[in-house]
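Colleague: Dropping the sequence and predicted coords here.
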Amino acid sequence: MQSGDKALAVSSPRLSREFYAPDAVEVAPRLLNKVLVHGEVAGRIIEVEAYMGPQDPASHAYGKMTQRNRAMFGPPGHLYVYFTYGMHWCINAVCGPEGFASAVLIRALEPLAGLERMWERRTRARKETDLCSGPAKLSQALGLEGSFDGADLVSADRGVTILDDGVPPPLRPATSGRIGVRAGKQYPWRWFVPGNPHLSRSR
DNA sequence: ACCGGGATGTTCT
DNA sequence: GAACATCCCGGTG
């Protein structure tokens, strides 16, 4: 652990397959305060959104399976990684039921470990709150991109996993509509830890 | 602090 | 050809 890192119990258990097996709306608020890890770099999940499969007009799985959204239709507990706006990667945890293609977008982290590595990757960042305060920022800070699409979080495939270090989710997480979508704004499927300075910038 | 616009290219219609 | 689950920078107040 490097200086500046917050305490991280590296021996904490990984989330089980069953944790992801319910749909994204059930799983998303329970992912708050869990720890996303890639190698020696880690952050606490403080902001998430649920995308609910082929019926959800905001989801990349809307309508049918395509080459891009294939991982969402697979078993829960894997990563779905997508490329957007010509330069950014974002990551989801695929949820159940298998074939339903629901997934939770990870939108912000509180940096916990490997901050030196995050600063190296996030060359534009000027403050610690610039490191992981958005879905593309945190993917860059953790070094996650297209080659991680489909990685199994339960087995820590390719070094990526989510841990439960014993910090419970907030009793009353804050909610809002999803950010950056056109269709489907009416669903209150964004959850976040209120007051955390590492939340994504609002508009 | 807030706001507006440009970057950049894959994906799907 | 349009849309895009975003970010960054430079303007103004």
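Modeller: Structure received. Residues are numbered from 1 along each chain as shown, chains lettered A, B, ... in the order given.

Colleague: Torsion angles phi and psi at the most centrally placed residue in chain A?
Modeller: Taking Cα atoms, centre = their mean, the centroid of chain A lies closest to A:Ile106, which sits 2.2 Å from it. Torsion angles at A:Ile106 (phi, psi; degrees, to the nearest 10) stand at phi -90, psi 120.

Colleague: didn't it look like it was pressed against A:Ile46?
Modeller: No: with contacts counted by Cβ atoms under 8 Å, A:Ile106 stays clear of A:Ile46, the gap being 9.5 Å. C-beta coordinates here come from the backbone N, C-alpha and C atoms, glycine included.

Colleague: list the contacts for A:Ser133?
Modeller: Contacts for A:Ser133 (Cβ atoms under 8 Å, 6 or more residues apart in numbering) come out as A:Ala108, A:His198, A:Leu199, A:Ser200, A:Arg201.

Colleague: when you check DNA strand B, which of those turn up near it?
Modeller: Restricting these to those touching DNA strand B (Cβ under 7 Å from any atom of the strand) yields no residues.

Colleague: Weed out the non-buried ones from the residues you listed.
Modeller: Neighbour-count burial (16 or more other Cβ atoms under 10 Å) applied to the contacts of A:Ser133 gives A:Ala108, A:His198, A:Leu199, A:Ser200.

Colleague: what sits against the third one?
Modeller: Listed by Cβ under 8 Å, 6+ apart, the contact partners of A:Leu199 are A:Ile46, A:Glu47, A:Ala108, A:Ser133, A:Phe192, A:Val193.

Colleague: The first one now?
Modeller: Contact partners of A:Ala108, counting by Cβ under 8 Å, 6+ apart, are A:45-47, A:132-135, A:138, A:192, A:196, A:198-200.
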